[in-house]
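S.K.: Take this sequence and fold it.
(one chain, ligands or ions: 1)
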Amino acid sequence: MSDQLSTLLSEERRFPPSPAFASEAVATQALYDQAAADPLAFWEAEAKRLDWSTPWDSVLEWELPHAKWFSGGQLNVSANCVDRHLAGARRNQAALIWEGEPGDTRTLTYWQLYQEVTRAANALLALGVKRGDRVAIYLPMIPEAAIAMLACTRIGAVHSVVFGGFSAESLRDRINDAQAVCCITADGGYRRGQILSLKRLADEALAGCPSIHSCLVVHRGQGIDPTACPMKEGRDHWWHRSLEAQAPDCEPAAMEAEELLFILYTSGTTGKPKGIVHTTGGYLTQAAATTRHVFDLKDGDVFWCTADIGWVTGHSYVVYGPLANGATVFMYEGAPDWPARDRFWSLCAKHGVTIFYTAPTAIRAFMKWGIEHPAKHDLSRLRLLGSVGEPINPEAWIWYHLHIGRERCPIVDTWWQTETGGIMITPLPGVVTTKPGSATIPFPGMDIELVDTTGTPVARGGGFLTIKSPWPGMLRTIYGDDARYYETYWSRFPGRYFAGDGAKIDADGYWWILGRVDDVLNVAGHRIGTMEVESALVDHPAVAEAAVVGKAHDLKGQAIAAFVTLKEGFTPSPSMRDELREHVAVKIGAIAKPDDILFAADLPKTRSGKIMRRLLRDVAEGRALGDTTTLADPGVVAKLKAEYESLE
Ligand code: WT7
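M.R.: Okay, the predicted model is just below:
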């Protein structure tokens, strides 16, 4: 941390937009001025860029914590993302260019995407999926992922995409929480040359999901044998067969602006992930507006956001934002280092990517792999770079600028969350001078304020990031738990949404996001709750107690450190450690495996029995121990520290 801090302080270069970029930029200073003068009129103008079958009566109805945007208005998301681009030349423009990890490619024009989406929508209807029903999507990064999402929106079904890296148990819990009726999965997907059989995991999950009546299975192709995929009579249907049987047209459902669009589960401070609810009109307005203005979207752009559709970034910036704008989206199935460490750059060159949006953890891996990998490729078509998911350290920012952007491309560092639906703090690339490591200033129309522990606004300095007024893409509730929605987001600072992040505002009014101040970890850009990992650990028969903390990690941002007390009769051993890590992978997914597990006879507790995570963080990060005077037994933590040090 202190290393990072010193680089932060020493990196004082400023990067104003080049006059050439600024003169042609989609977003100008006028956008800030308009939004400042009348935020609702600003959002209304953005909403009007979408196609509505019925106009709204009111822009915003707000009764904390419940917002209604564009009430009375009706629209359909798939019609906005597909149908409306069929009128002119865009009909034959690529909507989606896709490359599989083994190198197989597919391109879908807007017209072809229309046919796929409508067939898939009809296939869902034929299976009995109705408006308002929940559909779980558990797919690799293949075109069908976007098609399935859009097909749901066409008939007004609510999708819940579950990241393909999550375990069968995680899928089961999410399906049951949402009471999904249908699951869409695939017989396989490629990752680092291996085939991951999602359908097998789905089968395991579905055995415990009584609400599911049907399952559509995409045949991934490319050497995956469909006869090896077990199909359950009556429940399972091949996607391609189901689509073949359908006509390529399907009336889009006219959805109320506030009808559910999707649920996306994310980690919080309890053991149970929460279903973040997003609705139709406001979400699409923000996704479309931010894509256009932040990424300076123009005709001819090829937009690559490297996120998986299992995360909100994939929802807003792989699928909905770009397609609502009629852009060409590039999508890639696999790993960045397969078959070699230049794969991303070879893809950029091959497909003519112009806008590239990724996470700092990926950038740090590229740095470690060396500049020779991007240097081999023609990246001259790139014109804008983006960063998202965690604070970007200035070294990584500068590396990205030099070796990927080749000193030509503005970098937009975008702060937002699953809950916000779209980008909230970011530079507009033609207007704002950037500083490496700062997400700069709020997007036009966003009312974001830093406050101290008492909720008093902080104009300059450090504090908690809060949002004062509703915004179109905000979450509407937690699925099935409105009380938790209020409690989690609106109770800590009365009258404000609390994001869970700490931040700092510098002398120029620029925002520097410092990271989570709650028990949520950010591991390689993945959001993981410490309590979820603890629950997974104590689920193992050998574990009596577990405490999980994050520790700084060069590549991943944070790594997971677990302190585990075993039950009587079990002995610590390297094989026990492996077993526990594997257990977490089975319960949650490989992304949640602890990096370090320390077996501890005792955990540091206060006299009232509360585990002192702060001290465990000190131990895991090798710092001098903080105040231990409130501990029931101060000796415990010194012993842990010595043991931890001998771990490494
Ligand atoms: C958390 C949200 C929506 C983006 C993908 C992650 C952190 C996100 C930044 C950024 C610093 C960032 C925050 C936030 N975060 N973007 N540009 N700079 N931190 O979505 O899984 O909901 O995680 O990611 O801590 O609260 P998510």
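S.K.: only C-alpha atoms for contact and neighbour calcs from this point on.
M.R.: Fine.
S.K.: Alongside the ligand, which residues does this structure contribute?
M.R.: 313, 388-391, 413-418, 439, 501, 513, 515-516, 526-527 (C-alpha under 6 Å from any ligand atom).
S.K.: Could I have the ChimeraX command that selects the buried members from those?
M.R.: To isolate the buried members of the residues of the chain next to the ligand in ChimeraX, using 16 or more other C-alpha atoms under 10 Å:
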select :313,388,389,390,391,413,414,415,416,417,418,439,501,513,515,516,526,527
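S.K.: Mind checking which of the residues of the chain next to the ligand are in strands?
M.R.: Among the residues of the chain next to the ligand, DSSP state E puts 388, 413-414, 501, 513, 515-516, 526-527 in strands.
S.K.: Output the below-cut-off pLDDT ranges for the stretch 1-150 of the chain.
M.R.: Along the stretch 1-150 of the chain, segments meeting pLDDT under 70 span 1-10.
S.K.: got it, and the chain?
M.R.: Across the chain, the ranges flagged by pLDDT under 70 are 1-10, 648.
S.K.: Tell me which residues of the lengthiest helix in it come out buried.
M.R.: Determined from DSSP state H, the single longest helix within the chain is helix 110-126. Residues of helix 110-126 classed as buried: 110-125 (neighbour count, 16+ other C-alpha under 10 Å).
S.K.: Just the C-alphas of it, formatted as PDB.
M.R.: Backbone C-alpha positions of helix 110-126 (Å, rounded to 0.1, in the frame of the first residue of the first chain) are rendered in PDB as follows:
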ATOM      1  CA  TYR A 110     -28.200  -7.100 -37.400                       C
ATOM      2  CA  TRP A 111     -30.600  -9.000 -39.800                       C
ATOM      3  CA  GLN A 112     -29.100 -12.400 -38.800                       C
ATOM      4  CA  LEU A 113     -29.200 -11.400 -35.100                       C
ATOM      5  CA  TYR A 114     -32.900 -10.500 -35.600                       C
ATOM      6  CA  GLN A 115     -33.700 -13.900 -37.000                       C
ATOM      7  CA  GLU A 116     -31.800 -15.700 -34.200                       C
ATOM      8  CA  VAL A 117     -33.400 -13.600 -31.400                       C
ATOM      9  CA  THR A 118     -36.900 -14.000 -32.800                       C
ATOM     10  CA  ARG A 119     -36.500 -17.700 -33.300                       C
ATOM     11  CA  ALA A 120     -35.200 -18.100 -29.800                       C
ATOM     12  CA  ALA A 121     -38.000 -16.000 -28.400                       C
ATOM     13  CA  ASN A 122     -40.500 -18.300 -30.100                       C
ATOM     14  CA  ALA A 123     -38.700 -21.300 -28.800                       C
ATOM     15  CA  LEU A 124     -39.000 -20.000 -25.300                       C
ATOM     16  CA  LEU A 125     -42.800 -19.300 -25.800                       C
ATOM     17  CA  ALA A 126     -43.200 -22.800 -27.200                       C
END
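S.K.: for it, packing partners?
M.R.: Here helix 110-126 touches strand 94-99, helix 143-155, helix 239-244, going by 3 or more C-alpha pairs under 8 Å, 6 or more residues apart in numbering; DSSP states H and E.
S.K.: Remind me what the strand or helix carrying residue 200 packs against, helices and strands.
M.R.: Assessed by DSSP states H and E, residue 200 sits inside helix 198-206. Applying 3+ C-alpha pairs under 8 Å, 6+ apart, one finds that helix 198-206 makes contact with helix 168-178, strand 182-186.
S.K.: so what strands line up beside the shortest one?
M.R.: Taking DSSP bridges as the criterion, strand 182-186 pairs within the sheet with strand 134-138 (parallel), strand 214-218 (parallel).
S.K.: Now distance to residue 241 and mean neighbour count too, for the ones you listed, in CSV please.
M.R.: Shown next, in CSV, are those (distance: least, C-alpha to C-alpha, whole Å; neighbours: other C-alpha atoms under 10 Å):
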stretch, distance to residue 241, mean neighbour count
strand 134-138, 18, 28
strand 214-218, 10, 25
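S.K.: Could you dump these into JSON lines and include distance to residue 204?
M.R.: Listed next are these as JSON lines, based on distance: least, C-alpha to C-alpha, whole Å:
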{"stretch": "strand 134-138", "distance to residue 204": "13"}
{"stretch": "strand 214-218", "distance to residue 204": "13"}
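S.K.: To residue 598, which of those lies closest?
M.R.: Minimum separation from residue 598 across the strands paired with strand 182-186 (C-alpha to C-alpha) falls at strand 134-138, 33.7 Å.
S.K.: I'd like to check the angle between the closest one and helix 143-155, please.
M.R.: Using axes from the mean of the first three to the mean of the last three C-alpha atoms, to 10 degrees, the inter-axis angle of strand 134-138 relative to helix 143-155 is 170 degrees.
S.K.: Need the contact partners of strand 134-138.
M.R.: With contacts defined as C-alpha atoms under 8 Å, 6 or more residues apart in numbering, strand 134-138 is touched by 145, 148-149, 152, 157-164, 175, 178-186, 198, 202.
S.K.: Over to stretch 257-265?
M.R.: Identification of contacts with stretch 257-265 by C-alpha under 8 Å, 6+ apart yields 68-75, 132, 153, 156-162, 174, 273-282, 311-312, 418, 479.
S.K.: out of those, which are inside helices?
M.R.: Those of those lying in helices (DSSP H): 153, 174, 281-282, 312.
S.K.: quick revisit: so which of the helices and strands packed on helix 110-126 is the most packed in?
M.R.: When you average the neighbours per residue for each of the helices and strands packed on helix 110-126 (mean count of other C-alpha atoms under 10 Å), helix 143-155 leads with a mean of 26.
S.K.: between that helix and helix 110-126, how many degrees?
M.R.: Helix 143-155 and helix 110-126 are oriented at 60 degrees to each other (the same axes, to 10 degrees).
S.K.: Now do helix 143-155: distance to the chain's middle.
M.R.: Mean C-alpha position of helix 143-155 versus that of the full chain (C-alpha atoms, centre = their mean, to the nearest Å) differs by 18 Å.
S.K.: What angle do strand 94-99 and that helix make with each other?
M.R.: Interaxial angle, helix 143-155 versus strand 94-99 (the same axes, to 10 degrees): 150 degrees.
S.K.: Show me what helix 143-155 is packed against.
M.R.: helix 77-81, helix 110-126, strand 134-138, strand 158-161.
S.K.: switch the cut-off to 6 Å
M.R.: helix 77-81, helix 110-126 (3 or more C-alpha pairs under 6 Å, 6 or more residues apart in numbering; DSSP states H and E).
S.K.: For the stretch 501-648 of the chain, which segments are assigned as helices?
M.R.: Applying DSSP state H, counting those that start in this stretch to the stretch 501-648 of the chain gives helices spanning 530-538, 574-587, 613-620, 635-647.
S.K.: actually the stretch 351-500 of the chain, sorry about that
M.R.: Using DSSP H, counting those that start in this stretch, helices in the stretch 351-500 of the chain cover 360-369, 372-375, 394-399, 482-490.
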